[in-house]
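# predicted model, plus sequence, below.
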Amino acid sequence: MYILIRHTARRFIKYVLRPMAFGRKSSGGNQDLALHQRPGHRRGSRIRGGVRDRVCGTHHLPSTIKHSMAPNLTSGKFRVVSLINDSNPPVGVNLTRPAFQSVHLNGRVTTWAVEQEGDNTYRLSVGGYPYTGVVVNRVTASIHPEQNVEWIATYRRFQDAYTISAVNDESNGWTVSHPNEANSRIALRLLVIGISEPPHHLTSQLYRFEELEE
């Protein structure tokens, strides 16, 4: 009888008590593991947006873009060049001097006189012509006072260049009318801003002022 009771007790401990104890231990261990895992992420997953990368232990920080400050365009003598292509062709007029003529790329005379009127407004003249205005939507050098237009030169820092528009018509700007022509005229057309971040302007509407020594 004693032997039977002892045998039964051993079987009870082996098949009932020990599995129950083991189950509680396993459950507790899984619970501790779960506390160290962030919801929604698998172990070893990569977390974006500037927080630590759980794979390699580094941080993903948003990239920063540095830009130069806007140059201080003041009165002086300048060479105005277009950004239409890598050669940056100059903007100017022909040597001959009729009463007025269209401003165009690669003109023979390229020295511009810039007279500052306000913070970013200027009077522009080239090739001995006292005035620069607009005739039939073309930028024109002229001897006629009615062409004495005041221009706005707006610095576009993301492309390190200027757009040029009339004070009374800021929506339109100097534009290379035929980008594939070496002597293309400069027209006055609607300024186009690309849908991008940062915003970009057409190269046919961007210019730089290269200062000349007096």
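On my side now, so go ahead.
# care to break this structure down by domain?
1-64, 76-211 (automatic domain parsing).
# hey, least reliable of the ones you listed by pLDDT?
Lowest mean pLDDT of the domains of the chain: domain 1-64, a mean of 40.
# helices of this protein, residue ranges please.
2-12, 18-35 (DSSP state H).
# gap between the closest residue to Glu181 other than its chain neighbours and Ala182?
Nearest residue to Glu181 in three dimensions, chain neighbours excluded: Leu105, at 7.6 Å (C-beta to C-beta, 6 or more residues apart in numbering). All C-beta spots, glycine's among them, are computed from the backbone N, C-alpha and C. Distance of Leu105 to Ala182, computed by C-beta to C-beta, to the nearest Å: 6 Å.
# ok, those two, which is more surrounded?
Leu105 (24 against 11; other C-beta atoms under 10 Å).
# pretty sure that one sits against Ser87.
No - between Leu105 and Ser87 there is no contact under C-beta atoms under 8 Å: 10.0 Å.
# dump the residue contacts of Ser75.
Val114, Glu115, Gln116 (C-beta atoms under 8 Å, 6 or more residues apart in numbering).
# let me know the pLDDT of it.
95.
# quick check on it: phi, psi?
Per-residue torsions, Ser75: phi -60, psi 150 (degrees, to the nearest 10).
# list only those of the contacts of Ser75 flagged as buried.
Val114 (16 or more other C-beta atoms under 10 Å).
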